[in-house]
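Student: kindly generate the corresponding structure for this input.
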Amino acid sequence: MPDAPSLHPVPLSPGDVLQKDYIARRGVTQERLAAALGVSRYSVNQLVNDRRNVTPEMALRLARVFGTTPEFWMDLQRDLDLQRVREAKGAEIARLAPLIAFDDAPPLALLGALFPGD
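Tutor: Alright, predicted model coming up:
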């Protein structure tokens, strides 16, 4: 029986976006990008090849040199991280028993009062 389609499509990795939309399309070398970002060529290569995650600092650097927002880069990384965990731990997490039913959950505005300091 074929696998059911995923409710969560495979997200683009920050490295894919960096390589296809910014490096290849604009003819920027990894070396030139590294210099613009103020990081090593090795760091850029690791990002492009999905061997390094986009950190908040790197998101700020990428946003500055490409005229995007840091949130753009962090959202790409977050979506990829969530998908990887869904694949690796989804069945285990699905077996967890909820402590509170969704219908009984407090409105989001009250959560800050329920969990001060978090």
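Student: where do the helices sit along this protein?
Tutor: 14-17, 30-37, 41-48, 56-66, 70-94, 108-114 (DSSP state H).
Student: with mean neighbour count and distance to residue 23 added, can I get the ones you listed in TSV?
Tutor: For the C-beta atoms, the positions are set from N, CA and C on the backbone; glycine is no exception. Below are these laid out as TSV (neighbours: other Cβ atoms under 10 Å; distance: least, Cβ to Cβ, whole Å):
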stretch	mean neighbour count	distance to residue 23
helix 14-17	20	10
helix 30-37	16	6
helix 41-48	19	7
helix 56-66	17	10
helix 70-94	14	14
helix 108-114	9	40
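Student: reformat the ones you listed as JSON lines; add mean pLDDT and distance to residue 100.
Tutor: Converted to JSON lines, these look like this (pLDDT from 0 to 100; distance: least, Cβ to Cβ, whole Å):
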{"stretch": "helix 14-17", "mean pLDDT": "97", "distance to residue 100": "34"}
{"stretch": "helix 30-37", "mean pLDDT": "97", "distance to residue 100": "44"}
{"stretch": "helix 41-48", "mean pLDDT": "98", "distance to residue 100": "39"}
{"stretch": "helix 56-66", "mean pLDDT": "98", "distance to residue 100": "31"}
{"stretch": "helix 70-94", "mean pLDDT": "97", "distance to residue 100": "16"}
{"stretch": "helix 108-114", "mean pLDDT": "65", "distance to residue 100": "11"}
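Student: got those helices as CSV, with distance to residue 101 columns?
Tutor: Listed next are those as CSV, based on distance: least, Cβ to Cβ, whole Å:
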stretch, distance to residue 101
helix 14-17, 36
helix 30-37, 47
helix 41-48, 42
helix 56-66, 35
helix 70-94, 16
helix 108-114, 16
